[in-house]
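In: no FASTA, just this:
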Ligand code: AGP
């Protein structure tokens, strides 16, 4: 996954492009580059490594232009060497291309070009694009690009410059994110909105298949057959602060602390505890359909998959709907029994995860109803699904997902309670009770976040451990998985989430004083069982960090460290139990000096398979 920024207007395009790339660096940071047109000549600079390497190069040899394209890369083909950095140019240095996505047939195209004597400078799939455009260029960049698209297979967001047409950028969106920013006497393009907010709030979410021409004065959108497409200009309300760190050291910490507000935003206008009502206007599933849903498949990756695992307990216990939860990359190759009475729920923060998008398309091909839970407006998944509900938690910049996860959970709780009520499984009174408990969650998380010193102290104690085991049962088993993933992602420490009941079936052999055990033991139907697990670990010399309900006195003396969370219904507790685990991972990573917001080898959205 890479970041693209383009600009045409009166400002110095180099500054605009850099500002934008800085905001997109979380999308990939192996290398970066910029292309501008000065006196009808293309100038291209690119550097391996972080964006400031390119910035330093430009400061040493400044360039000023009114049109430009920039790119920050997360390698998919070709190692992060300078030669593989974008923009790529044709052999005559007349055309420059930046690309985000994968060209699936690039080997065939490359061989065909090589056969015709074309030389290649890089190992990337992207380079074939610029040579094809050059080959198809007969005086119109737009037509050359349109013709080239007919030869490409795969996913591509493109920006193209041509020195023969110095005032114009041609851009394309196909299964990879790209948006256009509309200004006064200037226009922009970027991989996502955050890069454009300092300049404009008027955004066009172009569609897959759109080919846009951008000049300082206008934006014209067509399709590959040159038909003009009218796309809405949407005014984005996100404040810049939302996309900036504010007074937090890292985006991840900011986003953990944003959770009370983002969960509330997700609930706002959708649940009314006093009336015992859930109203999700975005979802047009008919009541009759909901009463007759035969089964639900929740499909996602990573943290979003963990949200799905929690929802299984909810849909089955409250709504009585058989529910399977699949990892998207497995769902694609499995043979799930799906029919038109099956509902497939796709969960994706970015809305661009390649495996999840492919799984969605597979579900549609089997005539299933599809519903997406996304955080990015206008993302590919949000457009592909029959219905989409947004988590309204604003841009999540930290690669490790936190606020998006709890917002995803919030939405899945709403569905479970709403559908349980519609299927006659939940009385109005019980619905009011559960909705009231949900509504209290933001306040309870705020309470918990008022004093996190204990978590910082625990993080310091265990910062040098090399292995962790996270244990949970029932609705908190997925939270054990999520807590382990958070630690792995940001601190690079090996951590495993496990169903606590499975301890005796193997993992108990691991117990010794070197490996801390995090046990989620909130009050509820599995509390006693969790206490037994904690005692098993202690009796074998293990060290336990227990996550328990406030006022729990039984735990005293049974665990080495105790983290108390506000009391809440056990079924709703995952919305809160995950927060201390997010913080534990965060502080261990900070104390280790890790790059918390941009962990090694990771990218915010995995748009490659
Ligand atoms: C989350 O902390 C991870 N960065 C990763 O597992 C992520 O959840 C996964 O890649 C799915 O992303 P999505 O929600 O954008 O589809």
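Out: Right, received. Where do you want to start? All figures in this text were calculated on a predicted structure; none of them were measured in a lab. Numbering: from 1, shown residues only.
In: alpha carbons only for contacts and neighbour counts from here, please
Out: OK.
In: Tell me the residues of the stretch 401-550 of the chain that contact the ligand?
Out: Contact residues of the stretch 401-550 of the chain with respect to the ligand, defined by Cα under 6 Å from any ligand atom, are listed as residue 401.
In: Which strand or helix spans residue 358?
Out: In the assignment (DSSP states H and E), residue 358 maps to helix 354-365.
In: Please disregard the earlier target; I meant residue 438.
Out: Taking DSSP H and E as the criterion, residue 438 maps to helix 428-449.
In: Pull out the buried residues from that helix.
Out: If you call a residue buried by 16 or more other Cα atoms under 10 Å, then helix 428-449 has these buried ones: 431-432, 434-436, 438-439, 441-442, 444-445, 448-449.
In: Next: stretch 281-288.
Out: Buried residues in stretch 281-288, counted by 16+ other Cα under 10 Å: residue 285.
In: in the stretch 101-250 of the chain, which segments are predicted with low confidence?
Out: Within the stretch 101-250 of the chain, the segments meeting pLDDT under 70 span 240-247.
In: let me fix that: the chain
Out: Within the chain, the ranges that satisfy pLDDT under 70 run 1, 26-29, 74-80, 240-247, 377-378.
In: Get me the contact residues on it for the ligand.
Out: Counting by Cα under 6 Å from any ligand atom, the residues of the chain that sit close to the ligand are 301-304, 348-351, 353, 399-401, 604-606.
In: quick one: which of those is most hemmed in?
Out: The residue in the residues of the chain next to the ligand with the most neighbours, by other Cα atoms under 10 Å, is residue 348 (32 neighbours).
In: give me the number of residues near the spatially closest residue to that one that is not a sequence neighbour?
Out: In this structure, residue 348 finds its nearest non-sequential neighbour in residue 374, 5.1 Å apart by Cα to Cα, 6 or more residues apart in numbering. When neighbours are counted by other Cα under 10 Å, residue 374 registers 28.
In: Tell me what residue 374 is bridged to.
Out: With DSSP bridges as the criterion, residue 374 is bridged to residue 348, residue 390.
In: Got phi/psi on the closest residue to residue 342 other than its chain neighbours?
Out: Beyond its immediate neighbours in the sequence, the residue positioned closest to residue 342 (Cα to Cα, 6+ apart) is residue 295, lying 5.1 Å away. Geometry field for residue 295 lists phi and psi as phi -160, psi 160, criterion degrees, to the nearest 10.
In: which residues in the stretch 151-300 of the chain form strands?
Out: 154-162, 169-174, 179-182, 187-190, 202-204, 210-214, 219-222, 233-235, 271-272, 277-278, 295-300 (DSSP state E, counting those that start in this stretch).
In: roughly how far is the third one from the heart of the chain?
Out: If I follow you right, that is strand 179-182. Put simply, strand 179-182 sits 21 Å off its chain's centre (Cα atoms, centre = their mean, to the nearest Å).
In: Give the buried residues for stretch 543-553.
Out: 543, 544, 545, 546, 547, 548, 549.
In: Report the separation between residue 4 and the ligand.
Out: According to Cα to the nearest ligand atom, to the nearest Å, residue 4 stands 18 Å off from the ligand.
In: what's the next secondary structure element after the host helix or strand of that residue?
Out: Assigned by DSSP H and E, residue 4 belongs to strand 3-8. Going down the chain from strand 3-8, the next helix or strand is helix 13-24, by DSSP H and E.
In: Give me the helices and strands touching that following helix, please.
Out: If contacts are counted by 3 or more Cα pairs under 8 Å, 6 or more residues apart in numbering; DSSP states H and E, helix 13-24 sits against strand 3-8, strand 31-38, helix 51-60, strand 67-73.
In: CSV for these, including mean neighbour count?
Out: Rendered in CSV, the data for those read as follows (neighbours: other Cα atoms under 10 Å):
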stretch, mean neighbour count
strand 3-8, 32
strand 31-38, 28
helix 51-60, 15
strand 67-73, 33
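In: Which residue would be the closest one in the stretch 51-200 of the chain to the ligand?
Out: At 12.3 Å from the ligand, residue 177 is the closest residue in the stretch 51-200 of the chain, using Cα to the nearest ligand atom.
In: Give me the spatial nearest neighbour of that residue, chain neighbours excluded.
Out: If you skip the residues right next to it in sequence, residue 177 has residue 191 as its closest partner in space, 5.4 Å away by Cα to Cα, 6+ apart.
In: Closest to the centroid, which residue in this structure?
Out: Nearest to the centroid of the C-alpha atoms of the chain, with distances taken as Cα atoms, centre = their mean, sits residue 350, at 3.4 Å.
In: Confirm residue 556 sits in a helix?
Out: No. The assignment for residue 556 by DSSP: H, G, I helix; E, B strand; the rest coil gives coil, which leaves it out of any helix.
In: Tell me how far it lies from the ligand.
Out: As judged by Cα to the nearest ligand atom, residue 556 and the ligand stand 32 Å apart.
In: ok so, going back, give the contact list for the residue nearest to residue 348.
Out: Counting by Cα atoms under 8 Å, 6 or more residues apart in numbering, residue 374 touches 347, 348, 349, 350, 351, 381, 382, 388, 389, 390, 391, 408.
In: For residue 395, see how far away it is.
Out: When distances are taken as Cα to Cα, to the nearest Å, residue 374 and residue 395 turn out to be 11 Å apart.
In: do residue 485 as well
Out: When distance is defined by Cα to Cα, residue 485 is 21 Å away from residue 395.
In: More neighbours: which of those two?
Out: Each of residue 485 and residue 395 had its neighbours counted (other Cα under 10 Å), and the higher figure belongs to residue 485 (25 against 21).
In: tell me which element the residue nearest to that one when sequence neighbours are not counted falls in.
Out: By the measure of Cα to Cα, 6+ apart, the closest residue to residue 485 outside its immediate chain neighbours is residue 495, 7.1 Å from it. In this structure, residue 495 is located in strand 494-499 according to DSSP H and E.
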